[in-house]
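Engineer: Need a 3D model of the sequence below.
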Amino acid sequence: MANTLEKKVKDKVRKVLAGVNAYVVTPATHGYGVSGVPDILVCYHGRFLAIECKAGNNHPTALQIRNLSQIASTGGYTLVVNEDNIDDVEDVLARIDRDQGYAGAYR
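Structural biologist: Numbering: from 1, shown residues only. Presented below is the predicted three-dimensional model:
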């Protein structure tokens, strides 16, 4: 895989998640998976978290937004992160630890 800016964001997110021993799945969609599925799916302390990674000023597609919204509507946690807001991953994990009502947030 090319060492793109988005890959660097994904790698940083995975590093944060590995540090808290979260269960992490990175779905492959090229031809065989479902389009629009978030880049990183996480189970942390029994909570479902979906993370869409972007680089720079890139934004999620309409299909990605629809998937994130569907996850949020069922009580899952959702995030869109880039190199500027990777700390949001730690913030969400801390909120899950505190068991506060952060579910369904989309940025």
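Engineer: what residues are up against Lys54?
Structural biologist: Neighbouring residues of Lys54 by C-beta atoms under 8 Å, 6 or more residues apart in numbering: 6, 9, 60, 80-82. Yep, even glycine has a C-beta here, placed from its N, CA and C like the rest.
Engineer: Try it again at 10 Å.
Structural biologist: By C-beta atoms under 10 Å, 6 or more residues apart in numbering, Lys54 lies in contact with 5-6, 9, 39, 60, 64, 80-83, 85.
Engineer: go on, Lys15?
Structural biologist: Lys15 touches 86, 89, counting by C-beta under 10 Å, 6+ apart.
Engineer: In strands only, show me the contacts of Lys54.
Structural biologist: 80-81 (DSSP state E).
Engineer: Check the contacts of Lys54 for burial and list the buried ones.
Structural biologist: 6, 9, 39, 60, 64, 80-82 (16 or more other C-beta atoms under 10 Å).
Engineer: These into JSON lines, with extra columns for distance to Leu49?
Structural biologist: Listed next are the buried ones among the contacts of Lys54 as JSON lines, based on distance: C-beta to C-beta, whole Å:
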{"residue": "Glu6", "distance to Leu49": "18"}
{"residue": "Val9", "distance to Leu49": "16"}
{"residue": "Asp39", "distance to Leu49": "12"}
{"residue": "Pro60", "distance to Leu49": "16"}
{"residue": "Gln64", "distance to Leu49": "15"}
{"residue": "Val80", "distance to Leu49": "12"}
{"residue": "Val81", "distance to Leu49": "11"}
{"residue": "Asn82", "distance to Leu49": "17"}
